[in-house]
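**Student:** Provide a 3D model corresponding to the input given below.
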Amino acid sequence: MIGFSFDPDGLDGSERAWWDRWRVRARNATDRLIDEFEGWVAGPNVQKLELPFNSEIWTDLRTWYLKNLTNNKCAYCECDISGFPGDAEHYRPKGAVKFKVATGRVEIARWDLPNQASAQSKVHPGYFWLAYDWRNLVPACSFCNSGLGKNERFDVSKRHLVLVPLTENEFQSFGPRSKPLPSRTFPGSYYLSPETLDVLEDPHVLSPLNPRPDRDPRKHIFFGVRGIIEARKDSVYGAKTIEILRLDREDLRKRRQKAQAEFQDDYFDALRKEDLVDDDPKTNETAVNKLLAEYQKGEHFFSASALAFHEIIKSRIP
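**Tutor:** Numbers count the residues shown, from 1 in each chain. Just a heads-up that it's a prediction; the model follows:
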């Protein structure tokens, strides 16, 4: 896994126009989900909650991300999904939430209705209000987004939240990007943004999209020779991410090993070029710097393991 940085405010022209149209669709669909959910909560609750998700909205964003952000890679394992459109993976699951308890058993998360007795605890409905939030969506391969991979697993250190009570001053303290969505049924309660939830829930799975500096995947996941992977310095976030996404499976290790070998060939070719020609006068970049910049941007499959292998190569060169 390698982190991807993205800020939609940096878009312009036709890309910005597309993005603005997509955001309107996402906002309208989110409003409908909240209305449906709160209507169900306020009702007799005799039937199972069935929210009207519109998969076309997150599918369109997945396609845009693959082309413009992740270079046709799974945002989690970095494998190639250019021959298959992949899935729009919801970092926070949209329809159900499961987590592993200390005994090793996987359980379903629950939540308490605002201003109600704890006896009103219900099964967590999933982070449905983030179903179309661009900050909660990443393209993923069919494995990482399946029951074999992450799917509905979302382990946290604290509690899984849904509606959170806030005072007016607390609500006004949020910036425009992290502004909570108000409840229509429970005055003073709000659906929080991904950034705020990250602080209050402390998720164990690392996010590949705009990770905080302290949650940069490369600070928590280590890649060694032959494509091996392990948590860095006993990081619980690295360990949980590897476990839940099964990033240590053998087929991935082999593909990372192959990517490391390809990087090694390209790296030494670049070193030889530096001995033969001067730096590019237009960019003032060496061949090696150009190559490393491509991997830093995640332009190659399994870039994170290749960059880690680069450090190993450097340590072995006299």
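
**Student:** Tell me where the model's unsure across the stretch 51-200 of the chain.
**Tutor:** 82-87, 115-120 (pLDDT under 70).

**Student:** ok, 80 please
**Tutor:** 82-87, 113-121, 147-149 (pLDDT under 80).

**Student:** What segments of it are helices?
**Tutor:** 55-68, 168-172, 194-201 (DSSP state H, counting those that start in this stretch).

**Student:** List the first helix or strand encountered after the last one toward the C-terminus.
**Tutor:** Taking DSSP states H and E as the definition, the helix or strand that follows helix 194-201 towards the C-terminus is helix 217-220.

**Student:** tell me which strands and helices that following helix is in contact with?
**Tutor:** Packing partners of helix 217-220 (3 or more CB pairs under 8 Å, 6 or more residues apart in numbering; DSSP states H and E): helix 236-245, helix 303-316. The way it works is simple: take the backbone N, C-alpha and C, and place the C-beta from them, glycine included.

**Student:** For the first one, the averaged confidence score.
**Tutor:** Yep, that's helix 236-245 we're talking about. In this model, helix 236-245 has a mean pLDDT of 96.

**Student:** quick one: the helix or strand following that helix to helix 236-245, angle?
**Tutor:** Counting by DSSP H and E, the element after helix 236-245 in chain order, helix or strand, is helix 250-276. Using axes from the mean of the first three to the mean of the last three CA atoms, to 10 degrees, one finds that helix 250-276 and helix 236-245 are set 120 degrees apart in direction.

**Student:** ok, now which ones touch the residue nearest the centre of the chain?
**Tutor:** For the chain, the residue nearest the mean C-alpha position is residue 207 (3.7 Å; CA atoms, centre = their mean). Contacts for residue 207 were tallied using CB atoms under 8 Å, 6 or more residues apart in numbering; they are 91, 138, 198, 215.

**Student:** go again using 7 Å as the cut-off
**Tutor:** 91, 215 (CB atoms under 7 Å, 6 or more residues apart in numbering).

**Student:** That one and residue 6, how far apart?
**Tutor:** Using CB to CB, to the nearest Å, residue 207 is found at 12 Å from residue 6.

**Student:** Check residue 229 too.
**Tutor:** Relative to residue 6, and taking CB to CB, residue 229 is found at 25 Å.

**Student:** what about those two, which has more around it?
**Tutor:** residue 229 (22 against 14; other CB atoms under 10 Å).

**Student:** Pull the contacting residues for that one.
**Tutor:** Contacts of residue 229 by CB under 7 Å, 6+ apart are 221, 223, 242, 247, 248.

**Student:** related to what we said a few turns ago, quick check: which of the helices and strands packed on helix 217-220 is buried the most?
**Tutor:** helix 236-245 (a mean of 20; mean count of other CB atoms under 10 Å).

**Student:** where does the nearest residue to residue 111 once chain neighbours are set aside fall, phi/psi-wise?
**Tutor:** Excluding its sequence neighbours, the residue lying closest to residue 111 (CB to CB, 6 or more residues apart in numbering) is residue 162, at 4.5 Å. Dihedral pair for residue 162: phi -130, psi -90, per degrees, to the nearest 10.

**Student:** Near residue 162, how many other residues are there?
**Tutor:** 25.

**Student:** For stretch 301-317, what is the distance to the chain centroid?
**Tutor:** 24 Å (CA atoms, centre = their mean, to the nearest Å).

**Student:** Kindly export it (C-alpha atoms) in CSV.
**Tutor:** Provided in CSV are the C-alpha atoms of stretch 301-317 (Å, rounded to 0.1, in the frame of the first residue of the first chain):
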residue,chain,number,x,y,z
PHE,A,301,2.5,-1.5,-9.6
PHE,A,302,3.7,-2.4,-6.1
SER,A,303,5.6,1.0,-5.7
ALA,A,304,5.8,0.7,-1.9
SER,A,305,7.7,-2.5,-2.0
ALA,A,306,10.0,-1.2,-4.7
LEU,A,307,10.8,1.9,-2.8
ALA,A,308,11.6,-0.2,0.3
PHE,A,309,13.8,-2.4,-1.8
HIS,A,310,15.6,0.7,-3.0
GLU,A,311,16.7,1.4,0.5
ILE,A,312,18.0,-2.1,0.9
ILE,A,313,19.9,-1.7,-2.4
LYS,A,314,21.5,1.5,-1.2
SER,A,315,22.6,-0.1,2.1
ARG,A,316,24.4,-2.8,0.1
ILE,A,317,26.3,-0.5,-2.3
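
**Student:** neighbours around residue 128, how many?
**Tutor:** Applying other CB under 10 Å, I find that residue 128 has 22 neighbouring residues.

**Student:** Tell me where the stretch 1-150 of the chain has strands.
**Tutor:** Per DSSP state E, counting those that start in this stretch, the stretch 1-150 of the chain carries strands over the ranges 87-90, 98-100, 106-108, 110-111, 122-123, 137-140.

**Student:** Could you take these and lay them out as TSV, with extra columns for mean neighbour count and distance to residue 48?
**Tutor:** Converted to TSV, the strands of the stretch 1-150 of the chain look like this (neighbours: other CB atoms under 10 Å; distance: least, CB to CB, whole Å):
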stretch	mean neighbour count	distance to residue 48
strand 87-90	24	20
strand 98-100	17	17
strand 106-108	11	13
strand 110-111	16	15
strand 122-123	14	10
strand 137-140	27	25
